[in-house]
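K.L.:
I'll drop the sequence and a predicted model, then ask my questions.
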Amino acid sequence: MNTVTANPIPRSKTDNVKQLSLLIFLLVCSCSDPKPAVAEPPTYQTLHRENAKGTFFHFDHEGNLYLACSIHQGNNSPGIKLVRHESDDFVIVGKQIHHQKDIRVLKFNSDNIGEKTALPYHVDPSVSRGDEVVILNRGQKISGTVHQTPTSKDHHYYLETGQAFAADGMSGSPVYSVRLGTVVGVLQTANNKTKATIGGFELLEMP
């Protein structure tokens, strides 16, 4: 019986070009920078002094829990009682451990507010123009985009929201970075008390 050897079917130039194009595409994809992680902002109930304006929040810094607020809002002396929004949970304000231009960071005592609900904080947070950020206040999530960074005359970052919000009493609210998944600042100013579309915040820079 004669043995017949099959000759391989020659590949066309078109097939070779397709394979080369696919290889180049895969190499480009593997070398491109990964997309930054996007963190879903938590629902957070802020802390408030009864019958007084201003907002406080608690956060976790390297395993320790602290309160943060704006200095100008007042009502932040040691011994003051703060109540969580829509709750009977409360904290007693302790001594100051850090301050900035208009930020005060304090210790606190509480039997029912702790690490489980504390907001995350990463050392040396960075904020850039175009970053998506969220103001957290009384369970609300007010989304905005950073459109201005600090200058020599103004230490605030400014965010612009897609819709108006009532800013009265919100000074001291945490500003959360979607890109970083952490608190990055403390809200301190807005362009309107009842229909704000721009908010100014100071970067929280813990030692």
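P.N.:
Yep, that arrived. All values reported here derive from a predicted model rather than from experimental measurement. Residues are numbered from 1 along each chain as shown.

K.L.:
For Lys107, grab the count of nearby residues.
P.N.:
Neighbours of Lys107 under the rule other Cβ atoms under 10 Å: 16. Yep, even glycine has a C-beta here, placed from its N, CA and C like the rest.

K.L.:
And the pLDDT at the closest residue in space to His155 that isn't next to it in sequence?
P.N.:
Excluding its sequence neighbours, the residue lying closest to His155 (Cβ to Cβ, 6 or more residues apart in numbering) is Lys101, at 5.4 Å. As predicted, Lys101 sits at a pLDDT of 98.

K.L.:
Okay, the closest residue to Gly181 other than its chain neighbours and Leu180: tell me how far apart.
P.N.:
The shortest distance from Gly181 to any non-neighbouring residue, by Cβ to Cβ, 6+ apart, is to Ala39 (3.0 Å). Look at Ala39 and Leu180: by Cβ to Cβ, to the nearest Å, they are 7 Å apart.

K.L.:
now Gln96
P.N.:
26 Å.

K.L.:
Kindly report the same for Ile135.
P.N.:
Distance, Ile135 to Leu180, using Cβ to Cβ: 15 Å.

K.L.:
again, but for Val123
P.N.:
Taken as Cβ to Cβ, the span from Val123 to Leu180 is 11 Å.

K.L.:
ok, back up a step: so between Gln96 and Leu180, which is more surrounded?
P.N.:
Taking neighbours as other Cβ under 10 Å, Gln96 and Leu180 compare with Leu180 leading, 19 against 16.

K.L.:
mind listing what the more buried one touches?
P.N.:
39, 122, 125-126 (Cβ atoms under 8 Å, 6 or more residues apart in numbering).

K.L.:
Could you turn the buried ones of those into a PyMOL selection?
P.N.:
Selection of buried members from these for PyMOL, criterion 16 or more other Cβ atoms under 10 Å:
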select buried, resi 122+125
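
K.L.:
Among the contacts of Leu180, which pair sits farthest apart?
P.N.:
Across these, the longest distance by Cβ to Cβ is 14.5 Å; it joins Ala39 and Ser126.

K.L.:
Low-confidence bits of this structure, can you list those?
P.N.:
Residue ranges of the chain with pLDDT under 70: 1-38.
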